[in-house]
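[1] Using only what follows, build the 3D model:
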Amino acid sequence: MSPPSTSFDNSSTPTYASLFPENLAHTTSSNALDASDGPLAYLSDLYQRAIKLEIMADSKAIMLAVRRPSLGDLLLDEASIHQTVSALKLVVEILAHPAQMLAGNTPLPEAIAPSGSHATLPFHLAFQQVRAVLEQKNTTLFDVHKLASYEYPNFCYQNFRQQELRAAMLSGSGLDPALQTLLLDNETAAKADFFKTAYGIAGSATEALVAISNVALFRHQTGLSEQDLYDLLAIKKTDDGKKTGFSTTVKRSEHLPAATQTDAAASHVYGASFINNASSPAIAIKGSADSASGQQLTNVSASHFDRLRKLIHLQHFLGLPFADVDTLVMSALRAEGQSNDVHFTANTLRAIGVFRYLHREFKVTARQFAALLGSLPVYSADQSAPTLDAILGAQAANSNDSSQTRLIFDDAEFNLNNEAGQATLAQMCYALNIDEQTARYFIATAWRFQQPATAKGATEKLPKRSLALFSALYRQVYLPRLLRLSPQAGAGLMSLLLNGNNDLLRQLAGTPTLLEDADQPDILDVIMAAVNLTQWARQQNIGLDLLASLLTATPDIEAQVLPAPADWLELITESADRLGKSSLTEARLASLAAAQQVALKDDKNTWLQLFNPLIDTDGWVKTVPVLQGQDRLAAINAQVSICLTGALAQRDSLDVDAYLNSPRRSMER
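    Down below sits the predicted model:
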């Protein structure tokens, strides 16, 4: 009997795949977007876990919906899952979301452009983009407007005062339209809703004034730190142990007479002059931070808070210390002639534009620019010395020397020709690093515009040892140095700009002004004319001293004949006689030849023609080349031999070399 068949059917053997068939339609690859171990699954699980944790959190927790409100609405797809987003963009979006909620349907750039309740606002996005592009191109709005003007260059043909150039100065400030509007608005403070508009404080004007006078609330609404507020008010805490003690940070120059009550160092005089309307009492802080009511601002009104708001915004824009901003603004306002009820004008913004341009191109500081607009600053509100003391610093350092007298600007007259006046002159020369002749010229120029009018026939008054006079000297010296010009180029610049133009010279050497006059240039026109001329000369690669000499008219010599000194005439006459005897003319050569019984072969040549290699047409002996190893006399003899060879009459032929070397001829020579 045969054994049963042992054939084996593999298809009937149970396997995992046969027991658990896989549904390929419900599977995905490991790197697919919807993979259970992919990035999408991880992010989704992480988000759900964060939501569950928030449910268990207390009320103090900042929920994800607040921190990232748009996170739950993000679409995760193949493109977005691999997209890299910069941290800056995320931060901007996160910060913009709550702001957009407050703005409603108004686009956020439009909503924040006119807002002015915080120091960082207004923010004009389009204007900031323009500024960013110009910075990348390494240029400014001032240069763009200046070069686009049909009136450029504005420094020729007495063409200094141009509306287009002034518009370029204004645009050079870089102030966006909303900030310009805020600074020039002088009526908002009188409106009932001023505090609501400016500081976001609701209520009546009286209630809002009391509320915003609280230091903590004021700092919160403006974004100022504690030190910022102290700098704004030009005050500091005293070291007497009192929490409520404050004193001014303002210092006064030591080169002025004793202070009076009106010009003593105080916050309303310098450092915080604008916000205090240049009048006392100055804004102060009263009370203790630990008290129930907290610290309060005193001596304030709606107009004070209006000026506070403007200066805070301007300081944030310029990025300068508050004291420097106050110095810059007040110097411009004083040049405009404002003494009370100080306020911004278009001229003030134009001055800011010129300052920003000079600061960018030439590193000019606010105090240096203030000296160009008026007197040298005699106060400081920080650890540094006043500008006047810094210029006279070497003398201040030597003030302990008994032989050194401190220069005091006491407005007393001084005579440049006596000992006391020359001592004052020497101190000014030393401080400004100029020579005495230059200083005398600048003093005479400044005093010509600063001295009071005198009656006809009256004795001319002496210059005064005044701050105004010294500031005028400083402006005349500093402007060329500001432009990094050598003394020669600086003199050329002043000659080109100021020679015969008293309008420009009056601004620099007299009392500078900011004018609205359609014809008269002001100090800003003078400064920018000097800047434009200097930059143009550098672009054309021509020196200003050379340019001045080429463009200066030749004086009429016949109309200005001056008698020469007697000793000069005697020297000139004696020199002319000696030169006349040394000249070898045709007649003299012929006379010498006749005396030696020497004649020419024919009349075709003259003695000067024969000696042309040695004597020029005016009878002066030329330089005779001397060969190596040959003395000068031998070289001359050789040249004379060459010139006379074959040119003398036969009966007069002679050995030229022997004749020239003869004792008699040597004595004659």
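[2] pLDDT score assigned to the one residue sitting closest to the centre of the chain?
    Centroid-nearest residue in the chain, with CA atoms, centre = their mean: residue 358, separated by 2.1 Å. pLDDT recorded at residue 358 is 93.
[3] Hmm, residue 531 and it touching each other?
    Yes: at 7.4 Å, residue 358 counts as touching residue 531 under the criterion of CB atoms under 8 Å. Quick note: C-beta positions are derived from backbone N, CA and C, even for glycine.
[4] hang on, the earlier thing: what's the offset of the helix or strand hosting the residue nearest to the centre of the chain from the middle of its chain?
    Secondary structure assignment for residue 358, by DSSP states H and E: helix 346-362. Its chain's average C-alpha position is 8 Å from that of helix 346-362, according to CA atoms, centre = their mean, to the nearest Å.
[5] what's the answer for stretch 218-233, then?
    Its chain's C-alpha centre lies 29 Å from the corresponding centre of stretch 218-233 when counted by CA atoms, centre = their mean.
[6] and if you look at stretch 119-133?
    Centroid separation between stretch 119-133 and its chain, computed with CA atoms, centre = their mean, is 22 Å.
[7] With only the CA atoms kept, save it in PDB.
    Provided in PDB are the C-alpha atoms of stretch 119-133 (Å, rounded to 0.1, in the frame of the first residue of the first chain):
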ATOM      1  CA  ALA A 119       6.400 108.800  23.100                       C
ATOM      2  CA  THR A 120       6.800 106.200  20.400                       C
ATOM      3  CA  LEU A 121       3.900 107.500  18.400                       C
ATOM      4  CA  PRO A 122       3.000 108.700  15.800                       C
ATOM      5  CA  PHE A 123       4.500 106.200  13.500                       C
ATOM      6  CA  HIS A 124       4.200 106.900   9.800                       C
ATOM      7  CA  LEU A 125       4.900 103.600   8.000                       C
ATOM      8  CA  ALA A 126       5.200 105.000   4.500                       C
ATOM      9  CA  PHE A 127       7.500 107.800   5.600                       C
ATOM     10  CA  GLN A 128       9.700 105.400   7.600                       C
ATOM     11  CA  GLN A 129      10.000 103.200   4.500                       C
ATOM     12  CA  VAL A 130      11.200 106.200   2.500                       C
ATOM     13  CA  ARG A 131      13.700 107.100   5.200                       C
ATOM     14  CA  ALA A 132      15.000 103.500   5.200                       C
ATOM     15  CA  VAL A 133      15.500 103.400   1.500                       C
END
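[8] Now do that stretch, average pLDDT.
    Mean pLDDT, computed over stretch 119-133, is 84.
[9] ok, now which ones touch residue 546?
    Residue 546 sits next to residue 492 when contact means CB atoms under 8 Å, 6 or more residues apart in numbering.
[10] For the stretch 501-650 of the chain, which segments count as helices?
    502-509, 523-539, 544-551, 566-582, 586-595, 607-610, 632-644 (DSSP state H, counting those that start in this stretch).
[11] which ones are touching the closest residue to residue 192 other than its chain neighbours?
    Excluding the flanking residues, the one nearest residue 192 by CB to CB, 6 or more residues apart in numbering is residue 205, at 5.9 Å. By CB under 8 Å, 6+ apart, the residues touching residue 205 are 192, 194, 195, 302.
[12] Not counting sequence-adjacent ones, nearest residue to the third one?
    In space, residue 195 comes closest to residue 208 once its chain neighbours are excluded; the distance is 3.5 Å by CB to CB, 6+ apart.
[13] May I ask which helix or strand encompasses that neighbour?
    Element membership of residue 208, judged by DSSP H and E, is helix 205-212.
[14] Only the buried residues of that helix, if you could.
    For helix 205-212, a neighbour-count test (16 or more other CB atoms under 10 Å) marks 205, 208, 209, 211, 212 as buried.
[15] pLDDT weak spots in the stretch 251-400 of the chain?
    Along the stretch 251-400 of the chain, segments meeting pLDDT under 70 span 261, 289-293, 394-400.
[16] Spell out, range by range, the strands that occur in it.
    Using DSSP state E, counting those that start in this stretch, the strands of the stretch 251-400 of the chain run over residues 251-252, 284-286, 296-298, 379-380.
[17] most tightly surrounded among these?
    When the strands of the stretch 251-400 of the chain are scored by mean count of other CB atoms under 10 Å, the highest mean neighbour count falls to strand 379-380 (a mean of 23).
[18] For residue 231, see how far away residue 128 is.
    26 Å (CB to CB, to the nearest Å).
[19] repeat for residue 489
    For residue 489, the distance to residue 231 (CB to CB) stands at 40 Å.
[20] about what we covered before: okay, and the common contacts of residue 358 and residue 531?
    With CB under 8 Å, 6+ apart, residue 358 and residue 531 have no common neighbours.
[21] pLDDT below threshold where in the stretch 401-550 of the chain?
    The stretch 401-550 of the chain contains residues with pLDDT under 70 at 401-404, 453-459, 500, 517-518.
[22] can we see that at 50?
    Flagging of the stretch 401-550 of the chain using pLDDT under 50 yields the residue ranges 401-403.
[23] what sits against residue 236?
    Contact analysis of residue 236 by CB under 8 Å, 6+ apart lists 230, 246, 247, 248, 249.
[24] okay, now the closest residue to residue 585 other than its chain neighbours: neighbour count?
    Leaving out its chain neighbours, the residue that sits closest to residue 585 by CB to CB, 6+ apart is residue 619, at 4.9 Å. Neighbours of residue 619 under the rule other CB atoms under 10 Å: 18.
[25] for residue 613, same thing?
    11.
[26] Hmm, it is touching residue 644, no?
    No: assessed by CB under 8 Å, residue 613 is found out of contact with residue 644, at 11.4 Å.
[27] element containing residue 236, please.
    strand 235-237.
[28] Return the list of strands paired to that strand, each annotated with direction.
    Paired neighbours of strand 235-237 in the sheet (DSSP bridges): strand 246-248 (antiparallel).
[29] Find the nearest non-adjacent residue to the residue nearest to the centre of the chain, please.
    Excluding the flanking residues, the one nearest residue 358 by CB to CB, 6+ apart is residue 364, at 4.0 Å.
[30] repeat for residue 184
    Spatial nearest neighbour of residue 184, chain neighbours left out: residue 344 (5.6 Å); criterion: CB to CB, 6+ apart.
[31] Which residues are in contact with the one you found?
    183, 184, 186, 310, 329 are the contacts of residue 344 under CB under 8 Å, 6+ apart.
[32] Run through the residues that contact the residue nearest to residue 334 when sequence neighbours are not counted.
    Using CB to CB, 6+ apart and skipping residues adjacent in sequence, the residue nearest residue 334 is residue 374, 5.5 Å away. Taking CB under 8 Å, 6+ apart, we find residue 374 in contact with 331, 334, 335, 471, 511, 512.
[33] What distance do you get for residue 374 to residue 45?
    On the measure of CB to CB, residue 374 and residue 45 end up 70 Å apart.
[34] cool, residue 219 as well?
    From residue 219 across to residue 45, the span is 44 Å (CB to CB).
[35] quick one, which of the two is more surrounded?
    residue 219 (15 against 11).
[36] That one contacts residue 227, correct?
    No: counting by CB under 8 Å, residue 219 stays clear of residue 227, with 10.7 Å between them.
[37] Now do stretch 249-264: distance to the chain's middle.
    29 Å.
[38] Next, the residues that contact that stretch from outside, please.
    Contacts to stretch 249-264, defined as CB under 8 Å, 6+ apart, come from residues 230, 234-236, 265-267, 269-271, 378-382, 385-386, 388-389, 392, 396, 399, 406-410, 467.
[39] Contacts only, for residue 286.
    244, 295, 296, 297, 298.
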